[in-house]
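> I'll drop the sequence and a predicted model, then ask my questions.
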Amino acid sequence: MDPAVDQIRLSFDGGSLLLLNAILGLLMLGVALDIRVADFARIVRDPRGPLIGLGAQFLLLPAATFALTLLLDPAPSVALGMILVAACPGGNVSNFLAWLSRGNAALSVGMTAVSTAAAIVMTPLNLALWGSLNPKTAPILEEVALDPLQVLLVVLTILGIPLALGMTLGARYPRLVDKVRRPLRAVGGVVFLGFIAAAIAGNWEHVGPIVFPIFGIVVLHNAMSLSLGYGAARTLGVGAYDARAIAVEVGIQNSGLGLALIFDFFGGMGGMAVVAATWGVWHLVAGLGLALVWSRRPVPVPAGASEPAVDKEAA
């Protein structure tokens, strides 16, 4: 891949960056409305599956992504974009996809809750660690003088505050939440996709030539993520019912958070931004396709398993 991709910058003004962060906060608020303290308690009562899933998400996936960047040897900005996406928590439709897959949606909800909270620390930590270990991406981190504490503050603003607010509103005003959940998610999703489409269209002369080479890398990376989640779970003795949920959680990443960090700290670096934006579209296509296949192949549900209410129109 032409190393000139590292010099491409997507142009965004301060107002656009503020809007992006606000949109992502809105999306996170929509997810948090369905998260309860009981979801965390469920993991404490039965921690094996969630711990395996979270280990795959925050330990195995970033490490495997680092190895993949060394193997493929893409442009440094593309490699760093891959590492950043791998460092993000689960995406906001993972619970719906776990349900559609006939997997353990309760496990998925619990993992989303914990991974979102853990990402406040783990996302900047994994980005700094694995990005600095790759000799081609380390200079980018040094050039921008990335401060993990500053990244943590942005992640806290985008994830932590909406998470706390959404959980509080969901617990105190359940009837109101039932009315606003779908419109909030729909509006947030449409606005976010529109924002990304406008950003790509406005920078197409720079972005166009690199989209298709990066698309192939994103497809491979996402397939590895889904396989890693499912494979790790099955290898460690987790049943297919739970393994499907874990695969979805590991393979559906919050690439919107990655985009926010790219524009906040890396000046809209083209290779990174196109990786995150492409992932944001492709993981939905791949996740939905896999879920539809699994939905036709039901697996045994463990005795006593309980499912949370999952919004079937969340996607």
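Looks like it came in fine. Numbering: from 1, shown residues only.

> Quick check: residue 74 is in a helix.
No: judged by DSSP: H, G, I helix; E, B strand; the rest coil, residue 74 forms no part of a helix; its state is coil.

> low-scoring stretches of the stretch 201-315 of the chain, by residue?
Scanning the stretch 201-315 of the chain for pLDDT under 70 picks out 202-209, 302-315.

> Where do the helices of it begin and end?
Secondary structure of the stretch 201-315 of the chain by DSSP state H, counting those that start in this stretch: the helices cover 204-235, 240-251, 255-265, 270-295.

> Nearest to residue 163, out of these?
helix 255-265 (12.1 Å; CB to CB). Every residue, glycine included, has its C-beta placed from N, CA and C.

> and residue 228, what does it touch?
Applying CB atoms under 8 Å, 6 or more residues apart in numbering, we find residue 228 in contact with 56, 60, 61, 64, 250.

> and if we set it to 10 Å?
56, 57, 60, 61, 63, 64, 65, 86, 246, 247, 250, 251 (CB atoms under 10 Å, 6 or more residues apart in numbering).

> cool, residue 249 as well?
Going by CB under 10 Å, 6+ apart, residue 249 touches 50, 53-54, 56-57, 89-91, 94-95, 97-98, 103, 107-112, 115, 225-226, 229.

> what do you get for residue 252?
Counting by CB under 10 Å, 6+ apart, residue 252 touches 89-98, 108, 112, 222, 225-226, 229, 279, 283-284, 286-288.

> before we move on, back to that, now which of the contacts of residue 249 would you call buried?
50, 53-54, 56-57, 89-91, 94-95, 97-98, 103, 107-112, 115, 225-226, 229 (16 or more other CB atoms under 10 Å).

> quick one: the helices in the stretch 51-200 of the chain?
61-72, 76-87, 94-100, 105-133, 138-144, 148-155, 161-172, 174-202.

> Once you drop chain neighbours, what's closest to residue 240?
Spatial nearest neighbour of residue 240, excluding adjacent residues (CB to CB, 6 or more residues apart in numbering): residue 299 at 4.1 Å.

> and stretch 68-86, how far apart are its ends?
11 Å (CA to CA, to the nearest Å).

> Number of residues surrounding residue 231?
17 (other CB atoms under 10 Å).

> what's near enough to touch it?
Contacts of residue 231 by CB under 10 Å, 6+ apart are 56, 60, 224, 243, 246, 247, 250.

> Taking those residues, tell me the two that lie furthest apart.
With distance counted by CB to CB, no two of these lie farther apart than 224 and 243, which are 16.0 Å apart.

> hang on, isn't residue 105 packed against residue 291?
No: using CB atoms under 10 Å, residue 105 and residue 291 do not qualify as a contacting pair, with a distance of 11.3 Å.

> what sits in contact with each of these two?
Residues touching both residue 105 and residue 291 (CB under 10 Å, 6+ apart) are 96, 97, 98, 99, 244, 248.

> mind giving me JSON lines with those and columns for distance to residue 160?
Converted to JSON lines, the shared contacts of residue 105 and residue 291 look like this (distance: CB to CB, whole Å):
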{"residue": "96", "distance to residue 160": "23"}
{"residue": "97", "distance to residue 160": "24"}
{"residue": "98", "distance to residue 160": "23"}
{"residue": "99", "distance to residue 160": "26"}
{"residue": "244", "distance to residue 160": "29"}
{"residue": "248", "distance to residue 160": "23"}
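
> nearest to residue 140, of those residues?
Of all the shared contacts of residue 105 and residue 291, residue 140 sits closest to residue 248, with 30.7 Å by CB to CB.
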